[in-house]
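Visitor: 3D model of this:
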Amino acid sequence: KSFSGHVLSGLRAHPDREHLIYPLGCTLIIKNLKSGKQGFLHGHTNNISCLTVSKSGRYIASGQVTFMGFKADVIIWDYAKKEIYARLTLHKAKVEALAFSPNDKYLVTLGGQDDGSIVVWDVEKKEAICGSPASAHSAGHCQSVDYSSHSDNIFISAGSGTLRVWELDLPNRKIRPTECQTGQLKRVIKCIEIPEDDSFFYCGTTSGDILKVNLKSRLLNSCGPVKQKFSKGVNALKMLKTGDLLVGSGDGAFSLCSSNNFKILKRVELEGGVSSVTLRGEGQQVFVGTDAAQIYSFGYTDFKPELISTSHSSAVWDAAFPHGSSELFATCSQDDIRVWHTDTCKELLRIKVPNMTCNALGFTRDSHSIYSAWNDGKIRVFTPETGRLKLIIHNAHSMGVTAIGSTGDSKRLISGGGEGQVRVWEILQDSYRLVASMKEHKASVNAIQIKGNDQECVTASSDGACIIWDLLRFVRNQMVLANTLFRTVCYHPEEYQIITSGTDRKIGYWEVYDGSAIRELEGSLTGAINGMDISQEGGHFVSVGRVGLQWVVWVSSGMCGSPVGRVGVQWDVWVSSGTCGSPVGRVGLQWVVWVYSGTCGSPVGRVSVQWDVWVWVSSGSCGSPVGRVGVQWDVWVSSGSCECPVGRVGVGLQWEVWVYSGTCGCPVGGVGVQWDVWVSSGTCGSPVGRVGVQWEVWVSSGRCGCPVGRVGVQCFLCSLFSLSGGDEKLIKVWHYSDGDVTHVGVGHSGSISSVRICPNNRIIISTSTDGAVLRWRYPHAS
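Guide: Purely as a prediction, here's the structure:
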């Protein structure tokens, strides 16, 4: 998870001195400072706009933005339980600022410019006590609020031309404001800091000076610095026990000042404008957050910055793993490419290209280079160890390079541009050569996938076409058309199918051989699907008992691959009991298969099968093999009219069996299956088709028939999972063959731009336009 830095005072150190709290999109992150582990609080429906922590540390409060005309929630979180304590709904459109009273009795909330109200809530009763307009009609809108350090009845609000001290009259359920007198001084105040003694309070302004106001008399005491003001305004203030003031300004300067004359004692320049300053404990350690998504740590004595967290500060467009390695990955955004360590999420390398946006990137198969596509029409190749620029291809595309891929031999790059051209580049030692330019797309090329043998690739475009290209002759092999703007395309690992998605919110399955449509899934309810990835493996479990199986088999012709029939199968398996290593069971199986024609569905043939299966079971209580299955079968296919043999089915089958218990999941066995099915003609025996199988198995107990588990088998398609993400802001894991969603991930607040499954099938990396890079546990890890 990433720190964005766009929420003013959004970085908070918890009073337990062990955790940092900050928002990212609609999620609150609690990060352990020692271990680096992160906890997540989910509950907001849109971006979090403000954050505060109670003085005791018992509560966290956060407010959000929402759409015009809708209510914006304030959520109070129970820190110990890490759950929602109360949801407060009153403000419209946006919650601007929050503050707890010093004894955790009250919470004051400030609405945004379209709301303009200030409300005091009873934390224990979870209800509003009273409210009032935050500022006078003649003044601007309020931007900040803070509570007194000692009194539960006094708080301060400030903003554009307004500075008020409020008193809570609890018996009459009213709040009464007093305007602070600043004379001729007119300022827009962005932040407030109240020291422990409550004698004065300090206000940071957009004009770069600091106001010091007497809390009791409500009169302006002083204003400074007089000569050298803080550039781009004062965004954050924090008072130390020594009486000195920490000041964070919009130009990235972080300063230690005297609270009397505002003279700068120490000053450090940071990357990005300072948005948050928070103290750990009594101020021995200071954490500073900037709008460049950086978190720095300062020691009070040396006042030297240490970068402890970093991330992208703008939309992240792509992510990539090196081939066969899950230890690190790369992401790209505006101005830079970054390489991260997967387990620790630490930044290993940053490659900066100022004022340019990287649209796509990847690692060559030999991992010697990082290739990247940029909006200035150039392809840049870097070394992954140092980030040194190895090669730059000028004018690769006239309207920016929008997609890119590399062949398996790492000698060629295939790029797509905003104008719709697909180009093949040969990468030489220190130069390059344009091999071919293919011009069929009419709009930008959004994704490129290259087949494993480097002889074919598929491109997805906004013109509603996916084209499968021959990379030997550089011509089109097939074209897939749909009423959508294609955003992404993936090859099935066996490379005989592709799956596509785009703005029509549908996931399409297509045959590579002839471009025919296989099936279509409703991939999203509200937005486009921008990214997909497919796993290479999957796992299931099986438990002992009686097996009832129903399956459907599609038979496709050998020439075009389109379905020409359907096989419906029902079977039953009985296993007899036993306790020792001698033969303890026999499976007797008889089945009848009806074959339907692809046109009318009437029966045109019958398959009769008889087989005997002997099962030897040895006793065992661990994961070691405890069984073996031997199979013999012969299948005749007869025609529907004369019953004469018209073909033969040959089946090659290998399996070995381990069994897992259905109750506790302890390994006592399992099922591993490998098979190959081919259909030969009745005359010459040559192959004339292919059988693809989908099945689902229910396992019931041997005594009562109650379900105790499910059998999943690795075959043809069943074990594969695909991953999708898009404008719906959700990560979805799909079962490839069933087309069912198995898991949904919630965490992004912006449109998801890309998703990647790491090569070892343990981690998912997702990127989005909110600048976040999220790491997920892959639910079907092998």
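
Visitor: make it CA atoms for all contacts and neighbour counts henceforth
Guide: OK.

Visitor: please identify the helix or strand for the most centrally placed residue in the chain.
Guide: The residue lying closest to the centre of the chain (Cα atoms, centre = their mean) is Ser766, at 3.5 Å. Assigned by DSSP states H and E, Ser766 belongs to strand 763-768.

Visitor: parallel or antiparallel, list what pairs with that strand.
Guide: According to DSSP bridges, strand 763-768 forms sheet pairs with strand 752-757 (antiparallel), strand 773-777 (antiparallel).

Visitor: hey, C-alpha coordinates of that strand in CSV?
Guide: Presented in CSV, the C-alpha positions along strand 763-768 are these (Å, rounded to 0.1, in the frame of the first residue of the first chain):
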residue,chain,number,x,y,z
ILE,A,763,1.1,-12.4,-5.0
ILE,A,764,-1.1,-10.1,-7.1
ILE,A,765,0.2,-6.6,-7.9
SER,A,766,-2.4,-4.0,-9.0
THR,A,767,-1.9,-0.4,-10.0
SER,A,768,-4.5,2.4,-10.4
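
Visitor: pull the residues that contact that strand.
Guide: With contact meaning Cα atoms under 8 Å, 6 or more residues apart in numbering, strand 763-768 is reached by 315-319, 748, 750-758, 773-778.

Visitor: report the buried members of those.
Guide: 315-319, 748, 750-758, 773-775, 778 (16 or more other Cα atoms under 10 Å).

Visitor: before we move on, the earlier item: any chance of the strands paired with strand 763-768 in CSV with mean pLDDT as columns?
Guide: Compiled in CSV, these are given as follows (pLDDT from 0 to 100):
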stretch, mean pLDDT
strand 752-757, 92
strand 773-777, 91
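
Visitor: in TSV: the ones you listed, plus distance to Thr331.
Guide: Output for the strands paired with strand 763-768, formatted as TSV (distance: least, Cα to Cα, whole Å):
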stretch	distance to Thr331
strand 752-757	10
strand 773-777	8
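
Visitor: so which of those comes closest to Ser144?
Guide: Counting by Cα to Cα, Ser144 lies closest to strand 773-777 out of these; the figure is 29.9 Å.

Visitor: how would you label Gln113: helix, strand or coil?
Guide: coil (DSSP: H, G, I helix; E, B strand; the rest coil).

Visitor: how close does it get to Leu215?
Guide: Counting by Cα to Cα, to the nearest Å, the separation of Gln113 from Leu215 is 26 Å.

Visitor: the two: who's more crowded?
Guide: Leu215 (21 against 17; other Cα atoms under 10 Å).

Visitor: so where's this structure shaky on pLDDT?
Guide: Low-confidence segments of the chain (pLDDT under 70): 1, 537-723, 782.

Visitor: ranges for the helices of it?
Guide: With DSSP state H, there are no helices along the chain.

Visitor: for the strands paired with strand 763-768, which one sits closest to Asn46?
Guide: strand 752-757 (14.7 Å).

Visitor: so what touches that closest one?
Guide: Counting by Cα under 8 Å, 6+ apart, 316-321, 530-535, 723-730, 763-769, 778 sit against strand 752-757.

Visitor: so what's Phe254 bridging to?
Guide: Gly248, Val268.

Visitor: for stretch 177-194, give me every contacting residue.
Guide: 143-149, 158-167, 200-207, 218-220, 234-239.

Visitor: also stretch 298-313?
Guide: Identification of contacts with stretch 298-313 by Cα under 8 Å, 6+ apart yields 2-5, 266, 268, 283-288, 291-297, 333, 346-347, 771-773.

Visitor: buried ones in that stretch?
Guide: Of the residues in stretch 298-313, those buried (16+ other Cα under 10 Å) are 298, 303, 305, 309-313.

Visitor: going by distance to Glu456, which of the residues you listed wins?
Guide: Of all those, Glu456 sits closest to His312, with 34.5 Å by Cα to Cα.

Visitor: that closest one and Thr767, how far apart?
Guide: In terms of Cα to Cα, His312 sits 10 Å off from Thr767.

Visitor: could you do Met239 as well?
Guide: Going from Met239 to Thr767 by Cα to Cα gives 37 Å.

Visitor: between these two, point out the one with more neighbours.
Guide: Thr767 (28 against 22).

Visitor: now that one. Nearest residue, chain neighbours left out?
Guide: Val773 (4.7 Å; Cα to Cα, 6 or more residues apart in numbering).

Visitor: now do the contacts for Lys174.
Guide: 129-131, 168.

Visitor: top of these by neighbour count?
Guide: Ile129 (21 neighbours).

Visitor: list the contacts of that one.
Guide: 119-122, 170, 173-174.

Visitor: which of the buried residues of stretch 298-313 lies closest to Trp425?
Guide: His312 (30.0 Å).

Visitor: circling back to that earlier point, quick one: which of the contacts of stretch 177-194 sit in strands?
Guide: Counting by DSSP state E, these place 143-147, 158-159, 163-167, 200-205, 220, 234-239 in strands.

Visitor: as a markdown table, the contacts of Ile129 with distance to Gly508 would be great.
Guide: Shown next, in a markdown table, are those (distance: Cα to Cα, whole Å):
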| residue | distance to Gly508 |
| --- | --- |
| Val119 | 51 |
| Val120 | 52 |
| Trp121 | 51 |
| Asp122 | 53 |
| Leu170 | 62 |
| Arg173 | 60 |
| Lys174 | 60 |
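
Visitor: which one (most neighbours) among the residues you listed?
Guide: Val120 leads the contacts of Ile129 on contacts (other Cα under 10 Å) with 24 neighbours.

Visitor: excluding its backbone neighbours, what's nearest that one?
Guide: Distances taken as Cα to Cα, 6+ apart place Val108 nearest to Val120, at 4.4 Å, with adjacent residues excluded.

Visitor: so what sits opposite the one you found in the bridge?
Guide: The partner residues for Val108, given DSSP bridges, come to Ala99, Val120.

Visitor: now do the strands in the stretch 51-200 of the chain.
Guide: Assigned by DSSP state E, counting those that start in this stretch, the strands in the stretch 51-200 of the chain fall at 59-64, 71-78, 83-92, 95-100, 106-111, 117-122, 127-133, 142-147, 154-159, 163-169, 174-179, 189-193, 200-205.

Visitor: quick one, which of those gets closest to Thr357.
Guide: Across the strands of the stretch 51-200 of the chain, closest to Thr357 is strand 59-64 (Cα to Cα), at 29.3 Å.

Visitor: mind listing what's buried in the closest one?
Guide: Those would be 59-64, for strand 59-64 by 16+ other Cα under 10 Å.

Visitor: isn't Gly159 up against Ser144?
Guide: Yes: with contacts defined as Cα atoms under 8 Å, Gly159 counts as touching Ser144 at a distance of 6.3 Å.

Visitor: the residue nearest to Val120 contacts Trp121, correct?
Guide: Yes: contact criterion Cα under 8 Å: Val108 and Trp121 qualify, at 6.2 Å.

Visitor: so for stretch 373-389, what gets flagged as buried?
Guide: Buried residues in stretch 373-389 (16+ other Cα under 10 Å): 373-384, 387.

Visitor: returning to what we had before: beta partners for the residue nearest to the centre of the chain?
Guide: With DSSP bridges as the rule, Ser766 is bridged to Val755, Leu774.

Visitor: can you give me the strands for the stretch 351-500 of the chain?
Guide: 370-374, 379-382, 389-393, 401-406, 412-417, 422-427, 432-438, 445-450, 456-461, 465-470, 475-481, 486-491, 497-502.

Visitor: given the shortest one, what are its sheet partners and their directions?
Guide: To tie it back to what came earlier, the one meant is strand 379-382. According to DSSP bridges, strand 379-382 forms sheet pairs with strand 370-374 (antiparallel), strand 389-393 (antiparallel).

Visitor: closest to Cys490 out of those?
Guide: strand 370-374 (19.0 Å).

Visitor: just the C-alpha atoms of the closest one, please, in CSV.
Guide: Written as CSV, here are the backbone C-alpha positions of strand 370-374 (Å, rounded to 0.1, in the frame of the first residue of the first chain):
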residue,chain,number,x,y,z
ILE,A,370,13.7,-2.9,-19.0
TYR,A,371,11.8,-1.7,-22.1
SER,A,372,9.3,1.1,-21.8
ALA,A,373,6.8,3.0,-23.9
TRP,A,374,6.5,6.8,-23.5
